[in-house]
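[1] here you go, sequence then predicted model.
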Amino acid sequence: MDSQSIGSLVYLVLLGCVVGSYFLISHRRNIGQMARHALLWGLIFLGVIAGVGLWSDIRRDIAPQQSVFAEEGRIEVPQAHDGHFYMTAQVNGKPVMFVVDTGATDIVLTRQDARMVGIDPERLVYSGRAGTANGVVDTARTTVDEFAVGPLVDRDVAVWVNRGEMNTSLLGMAYLRRFERIEISDGTLVLER
């Protein structure tokens, strides 16, 4: 400890003694009740300190987030509570959340996500058909100017817009094949270029 830290510590101890003495003198007839209140506030204070200290661990477990290591061309995506891997990409500059789906052939956008990135789903020609867990749906092929995950940017990327009901856009093998290595280890999906 340096001299400034020692001075601050001495100041805080003296301040605590003064405040504590005031409460002892003013509540000398209700010492038991004051002790209970002091214990309660002490436990609340310790709980807040523990919560702040553990926040990064709690946040990682509650809302896991992907990490992009640009120099290494690597993306790490933690597994979510439902067992899926969710990845956010900037599509034409707009953030779109995808579920990584190795069973999907292509990148498939929901109509809502397509609209958000500047594609009008009503003007597309739904000439394709895709077999899904919900049955066969009509799809339309189009391209997006830019598909970026952090600094990893792909241009003129083919995507499909699903005419059926879909909650989340799918990131299929058409995108995953752009990586040299795909690995799932310890609850983390690792993609490397």
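    Arrived safely.

[2] the longest helix in this protein is where?
    helix 31-62 (DSSP state H).

[3] and residue 166, how many neighbours?
    By the criterion of other Cβ atoms under 10 Å, residue 166 has 19 neighbours. C-betas here are computed from N, CA, C, even on glycine.

[4] surely it touches residue 113?
    No - the pair residue 166 / residue 113 is not scored as a contact, 9.1 Å apart, by Cβ atoms under 8 Å.

[5] coming back round to it: mind listing what the very next helix or strand once past the longest helix of the chain pairs with, with the direction of each?
    As assigned by DSSP states H and E, the chain's next helix or strand after helix 31-62 is strand 67-69. Next to strand 67-69 in the sheet, as set by DSSP bridges, lie strand 74-78 (antiparallel).

[6] any idea what residue 162 is bridged to?
    residue 139.

[7] how about the helices in this protein?
    3-26, 31-62, 111-116, 173-176.

[8] what about stretch 80-100, start to end distance?
    Using Cα to Cα, to the nearest Å, one end of stretch 80-100 lies 11 Å from the other.

[9] and this structure, what are its domains?
    3-62, 67-192 (automatic domain parsing).

[10] what distance do you get for residue 7 to residue 21?
    In this view, residue 7 and residue 21 are 21 Å apart by Cβ to Cβ, to the nearest Å.

[11] so, low pLDDT: which residues of the chain?
    Across the chain, the ranges flagged by pLDDT under 70 are 1, 55-64, 70.

[12] report the central residue of it.
    Centroid-nearest residue in the chain, with Cα atoms, centre = their mean: residue 65, separated by 3.2 Å.

[13] would you check that that residue makes contact with residue 80?
    No - if you go by Cβ under 8 Å, residue 65 and residue 80 don't touch, sitting 10.3 Å apart.

[14] quick check: neighbours shared by the two?
    Common contacts of residue 65 and residue 80 (Cβ atoms under 8 Å, 6 or more residues apart in numbering): none found.

[15] between the helices of the chain, which one is closest to residue 105.
    helix 173-176 (5.7 Å; Cβ to Cβ).

[16] so what's residue 97 up against?
    Neighbours of residue 97 in contact, by Cβ under 8 Å, 6+ apart: 86, 87, 88, 168, 169.

[17] one more: residue 148?
    89, 90, 91, 154 are the contacts of residue 148 under Cβ under 8 Å, 6+ apart.
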